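Engineer: Make a model of this:
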Amino acid sequence: MLKGNLLTNRLKRWARGIKQDLWVVYLAVRDPRTPWYVKLITAIIVAYALSPIDLIPDFVPVLGYLDDLIIVPLGLLLIMRLLPIDVLADCRAKAAEGQRAPPSYVAAFAIVVLWLLAGAILGLWVYPKIWN
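Structural biologist: I've put the predicted structure just below:
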């Protein structure tokens, strides 16, 4: 029973650390001192995390979520390593202060537009095949 509690506590600390690191990365991407390639890698990792398309489909038992549990934290680690030290330190200080960003309605709108566009493209591709 003691080992189960230790594992649970370690997982909780790890999850809190990732949550804190996500805020640090969010703040760093908005910082003008962050290099463009770090912003690009961040966009790719975020797009992968939010995308319904995975390397291993989620319906595959256990393995379906394993790619998300590996790729996203490794991408986060890569981003943190590529950030300039001064930017990382400033953003960690801001994140530790509890500075939180307001919800991004522009990002939500962009995601909805992308889904509608993907649905329209799929519909245009499938529609002629149904009637021919």
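Engineer: Helix or strand: which one has the residue nearest the centre of the chain?
Structural biologist: Centroid-nearest residue in the chain: residue 46, 3.4 Å away (criterion: C-alpha atoms, centre = their mean). Following DSSP states H and E, one finds residue 46 within helix 36-50.
Engineer: Mind listing what's buried along the very next helix or strand once past that helix?
Structural biologist: Using DSSP H and E, the helix or strand that follows helix 36-50 in sequence is helix 63-82. Under the neighbour-count criterion of 16 or more other C-beta atoms under 10 Å, helix 63-82 has 67, 72, 75-76, 79-80 buried. For the C-beta atoms, the positions are set from N, CA and C on the backbone; glycine is no exception.
Engineer: quick one: secondary structure of residue 33?
Structural biologist: coil (DSSP: H, G, I helix; E, B strand; the rest coil).
Engineer: phi, psi of it?
Structural biologist: Backbone torsions of residue 33, given as degrees, to the nearest 10, read phi -80, psi -10.
Engineer: Now for it: which residues touch it?
Structural biologist: Residue 33 makes contact with 84, 86-87 under the criterion C-beta atoms under 8 Å, 6 or more residues apart in numbering.
Engineer: Pick the one among those residues closest to residue 26.
Structural biologist: residue 87 (12.5 Å; C-beta to C-beta).
Engineer: so what's that closest one scoring on pLDDT?
Structural biologist: What the model reports as pLDDT for residue 87 is 92.
Engineer: Next, the buried residues of the one helix or strand it maps to.
Structural biologist: In the assignment (DSSP H and E), residue 87 maps to helix 85-97. Across helix 85-97, burial judged by 16+ other C-beta under 10 Å covers 87-88, 90-92, 94-95.
Engineer: Low-confidence ranges, the protein, go.
Structural biologist: Residue ranges of the chain with pLDDT under 70: 1-4, 52-60, 99-103, 129-132.
Engineer: domain ranges for this protein?
Structural biologist: With domains defined by automatic domain parsing, the chain comprises 2-101, 105-132.
Engineer: For the helix holding residue 46, report the contacting residues that lie outside it.
Structural biologist: In contact with helix 36-50 (C-beta under 8 Å, 6+ apart) are residues 25, 28-29, 68, 71-72, 75-76, 78-79, 82-83, 111.
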